[in-house]
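Q: Sequence and predicted structure are below.
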Amino acid sequence: MARKNQTLGEFIIENQEAFPYSSGELSRLINSIRLAAKVVNHEVNKAGLVDITGAVGETNIQGEEQQKLDVYANEKFIQTLTNREIVCGIASEENDDFITIQGQNKDHQNKYVLLMDPLDGSSNIDVNVSVGTIFSVYRRVTPIGTPVTKEDFLQPGNKQVAAGYVVYGTSTMLVYTTGHGVNGFTLNPAIGTYYLSHPNMQFSETGRIYSINEGNYNHFPQGVKDYIKYCQAEEEDRPYTSRYIGSLVSDIHRNMIKGGIYIYPKSSKSSNGKLRLLYECNPMAFIAEQAGGKASDGFQRIMDIKPKELHQRVPFFCGSKKMVEKAEEFMKNAPE
């Protein structure tokens with residue numbers, strides 16, 4: 001039973017029985033993410049004091065300019081997970097291809113693969129706006145003892161065994177699910193320990209916040225334009241409040257606490273949207289559903305989409321259930 005203010009370590013131990021296929025690996029994996037997040041958090045908090053802000057001068061596989069902290073966070077998470085030999089493979093938004101982890105005995109005995117966006121919203125770091133880490137865990141589908149293949153990573157989101165995010169903000173929080181609800185843990189920086197601060201997190205059934213980059217309004221599909229007009233209409237419970245940070249972790253986190261919807265649709269500039277199915281949408285969809293919310297691409301459940309490539313992009317509608325359903329209604333009824 002979750003108790004407010006219990007440590008993350010205590011929570012993991014007490015809930016290990018909820019992992020029916022695990023003999024401790026998944027618990028160790030969450031612990032490793034906790035450790036890597038503390039290291040990254042320490043570096044994020046030094047932004048402005050040391051030379052870790054700004055661009056590296058290189059681009060990632062998506063053609064986006066890499067920030068120094070993108071590279072740092074990516075290296076720290078990979079290093080921590082590799083050294084502890086907990087996963088058999090890692091796929092990162094910052095890497096062209098997946099990484100195979102053999103282990104000291106080169107026997108590929110671990111059961112899990114991890115996919116991650118090591119530093120979501122990193123372009124905000126220069127202006128001291130919250131950023132985050134997103135992660136997703138699957139059981140491998142290829143035989144244990146063999147090297148992982150792309151098949152282990154190209155699984156639909158409904159096969160996830162764990163997902164979560166870390167938000168580096170006014171306080172640092174680790175929020176995650178293993179399919180038994182969503183719990184949030186806040187880091188006490190004085191002693192380096194995470195405490196359960198937000199047990200059983202839930203989206204309200206509906207909300208009053210919509211989060212979308214309205215600067216792209218002219219490029220949106222008609223259904224999205226119609227939904228925005230609906231949100232802005234002077235009605236009994238509207239207009240809704242527009243809040244958009246530009247950091248997926250921060251926007252979803254706020255809307256889960258306050259009630260709202262996040263939308264990053266396709267557009268005439270981005271035919272498939274901008275967000276990555278494997279590194280951002282699937283883990284956030286798993287968290288949203290476990291918190292009583294909903295996530296779709298505007299027409300179908302995000303976690304039922306079968307991935308075709310590691311860096312696949314999809315439109316994303318995520319948040320309070322009734323708000324997502326209303327947005328889907330506008331998408332369905334919009335003219336072609």
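A: Looks like it arrived, so ask away.
Q: From the chain's centroid, how far away is stretch 266-274?
A: Taking Cα atoms, centre = their mean, to the nearest Å, one finds stretch 266-274 lying 20 Å from the centre of the chain it belongs to.
Q: What residues of it count as buried?
A: 266-267, 273-274 (16 or more other Cβ atoms under 10 Å). To be clear about C-beta, it is placed using only N, CA and C from the backbone, and glycine gets the same treatment.
Q: Pick the one among those residues closest to His42.
A: Distance to His42, by Cβ to Cβ, is smallest for Lys274 among these, at 29.3 Å.
Q: and the closest one, what is it in contact with?
A: Shown in contact with Lys274 (Cβ atoms under 8 Å, 6 or more residues apart in numbering): 264, 313.
Q: so how far is Gln312 from it?
A: Using Cβ to Cβ, to the nearest Å, we find Lys274 at a distance of 12 Å from Gln312.
Q: and what of Tyr240?
A: Plainly put, Tyr240 is 30 Å away from Gln312 if you go by Cβ to Cβ.
Q: out of the two, which sits in the more crowded spot?
A: The neighbour comparison of Tyr240 against Gln312 (other Cβ atoms under 10 Å) goes to Tyr240, with 20 against 17.
Q: So what's the residue count around Asp304?
A: 12.
Q: Tell me the backbone dihedrals of it, please.
A: phi -100, psi 0 (degrees, to the nearest 10).
Q: give me every residue that touches it.
A: Asp304 sits next to 156-158 when contact means Cβ under 8 Å, 6+ apart.
Q: Buried ones among those?
A: Among these, the ones that count as buried by 16+ other Cβ under 10 Å are 156-157.
Q: of the contacts of Asp304, closest to Gly215?
A: Using Cβ to Cβ, Gly157 is the member of the contacts of Asp304 that sits closest to Gly215, with 28.8 Å.
Q: my read: that closest one touches Met303, true?
A: Yes - counting by Cβ atoms under 8 Å, Met303 is a contact partner of Gly157 at 3.3 Å.
Q: joint contacts of the two?
A: Applying Cβ under 8 Å, 6+ apart, one finds that Gly157 and Met303 are jointly contacted by 282, 285-286.
Q: Leaving out chain neighbours, which residue sits closest to Gln290?
A: Spatial nearest neighbour of Gln290, chain neighbours left out: Thr177 (4.3 Å); criterion: Cβ to Cβ, 6 or more residues apart in numbering.
Q: residue contacts, the one you found?
A: 162-164, 183, 286-287, 290-291.
Q: mind showing which ranges of the protein have poor pLDDT?
A: 1-2, 18-23, 46-67, 103-106, 336 (pLDDT under 70).
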